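Enquirer: curious how this folds, go ahead:
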Amino acid sequence: MKTNKRSVVAALIGHVLERYDVALYGYFSAMLAPIFFASTDASTALFASLGAFAAGYLMRPLGGIIFGYFGDRYGRKQAFTWSIFLVIIPTFLIGVLPSYDQIGIAAPIILITCRLMQGLCNGGEFSGAGIFVGEHMPKNRVGFSGGMICATGILGAVIGTFLGAVVTLPAIPSWGWRIPFLVGSCLTLVSYFIRRNMVETPVFEEVLRKGKTLQNPLKDVFKNYKFNMFNTIAIGGCGHILLYMSSIYMNVVYTTYLKLPNFQILAINTCILGVWVILSPVMGYFSDRVGIRRFMAGAAMLAAFSAYPLFAFLEQNLTIEGIIIFQLFLTVIGSAFVAPISGLFVSLFPVRERYSGVAFSITLGQALFGGTTPLISTFLTNVTGDFKAPAYFMMFGAIMGCVAIIKMMQFPIKLQDDKSSASDLTLKAA
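Expert: Next up, the predicted model:
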């Protein structure tokens, strides 16, 4: 298969910027809590801010349904381009939103609305990027392409945390946190125009040429591909638990237990996410050599067995150095599972309902388990009084992901329209 490099590069550039926009709030959530949520109790304000973070994830399945429908009916390019255009609005609004002290209850309402809109747009982004790039790539590089999708997405977060670390320095005015949101909205607009020049994927062009698009692709997914759907939900949930446990939940730990200044927390997380960026293509490369499903199953098993020991270590070494060691170990394990995920996308559903099936299922897993990771972990720790309580949630996610991958290995997925696309045949042995 000949790869359209310009379209792939355009897709990756856009993915960097949209993930930058959406990730910003997560890394500023602890700092924004007292600005937009009124409470005399800092813990309550933090819960409210983390709740707003989770709320964005709850909209992702709806976004997956909407963008999945357009992606399967009118083309990956169309859905993929509009998802990045619409995310500009909420990102800009957060950057200019007055505080609770200035406009009262309207501040958290508008903030949550913006998070919901960001979540809606992102519901079609990650799956769209994975499908678009995967359908352009040759069969022996789908794991690596998945690693590149993961790396560019996290690179967006790295850029966000780096700017966040800069604008929260003591010398910067208190309103400096707004700058990354405003810069992001401008850069994303540029990316929108870049994406408009992308070329549609060959396999979907063939579907369009033959007039074989489905009237209701998601309905077909529920009717014929329930097994695929439930496994994809589990895989999406597991991946985001590992990612956010190593990054965003650690922001809460730094803030709550070490009382570190915001610029220092963001600087540390910039470095941790930088490691994710470096490791993701490497893990994707090795997944192509080992087999994507075998590689991911091994990573999930390792995550399940290491969860409790890692949190026990962290409890005994609750210092900056100890937390960084924890993050690094979890980054290695997590990237082995997360990096190849989008490489699976082209083998999970047939071409005609692929965008709908992947977008809805992966985002539902993210919403139920991934986006709630910081909130659930904080809740478990506060309720039980056990610092290690989040380990059980991580173990649950890892086991869930491992079982889904193993089931996919034991019962190969049969696609009804395998003959219509060479890419559908490429991952049968993955």
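Enquirer: distance of the residue lying farthest from the centre of the chain from residue 351?
Expert: The outermost residue of the chain relative to its centre, with distances by CA atoms, centre = their mean, is residue 210 at 33.7 Å. Note on residue 210: its distance to residue 351, by CB to CB, to the nearest Å, is 11 Å. C-beta: built from backbone N, CA, C; applies to glycine.
Enquirer: which of the residues in the longest helix along the chain are buried?
Expert: Longest helix of the chain, by residue count under DSSP state H: helix 5-36. For helix 5-36, burial by neighbour count (16 or more other CB atoms under 10 Å) applies to 7-8, 10-36.
Enquirer: over to stretch 251-265?
Expert: Under the neighbour-count criterion of 16+ other CB under 10 Å, stretch 251-265 has 251, 252, 253, 254, 255, 256, 260, 262, 263, 265 buried.
Enquirer: tell me which residues are up against that stretch.
Expert: Residues outside stretch 251-265 that contact it (CB atoms under 8 Å, 6 or more residues apart in numbering): 27, 29-31, 46, 50, 164-166, 168-170, 268-269, 314, 318-320, 323, 374, 377-378.
Enquirer: can you do 6 Å?
Expert: 30, 31, 165, 168, 169, 318, 374, 378 (CB atoms under 6 Å, 6 or more residues apart in numbering).
Enquirer: and the closest residue to the second one other than its chain neighbours, how far from residue 318?
Expert: Meaning residue 31. Spatial nearest neighbour of residue 31, excluding adjacent residues (CB to CB, 6 or more residues apart in numbering): residue 262 at 4.8 Å. Distance, residue 262 to residue 318, using CB to CB: 19 Å.
Enquirer: how about the strands in the stretch 201-350 of the chain?
Expert: With strands called from DSSP state E, counting those that start in this stretch, the stretch 201-350 of the chain shows none.
Enquirer: what about the closest residue to residue 402 other than its chain neighbours, how many residues nearby?
Expert: Computed as CB to CB, 6+ apart, the closest residue to residue 402 that is not its neighbour in sequence is residue 300, at 3.6 Å. Here the number of neighbours of residue 300 (other CB atoms under 10 Å) works out to 28.
Enquirer: was I right to think residue 300 contacts residue 400?
Expert: No - in this structure, residue 300 is not within contact of residue 400 by CB atoms under 6 Å, at 8.4 Å.
Enquirer: might you report the residue contacts of residue 353?
Expert: Contacts for residue 353 (CB under 6 Å, 6+ apart) come out as 72, 217, 220, 221.
Enquirer: tell me the pLDDT at the first one?
Expert: Here, the pLDDT recorded for residue 72 equals 92.
Enquirer: that one contacts residue 355, correct?
Expert: Yes - with contacts counted by CB under 6 Å, residue 72 reaches residue 355, the gap being 4.7 Å.
Enquirer: between those two, which contacts overlap?
Expert: Contact with both residue 72 and residue 355 is made by no residue, according to CB under 6 Å, 6+ apart.
Enquirer: in this structure residue 390 contacts residue 377, no?
Expert: Yes - checked against CB under 6 Å, the pair residue 390 and residue 377 is within contact range at 3.8 Å.
Enquirer: give me the nearest residue to residue 373, chain neighbours excluded.
Expert: Spatial nearest neighbour of residue 373, excluding adjacent residues (CB to CB, 6+ apart): residue 244 at 4.1 Å.
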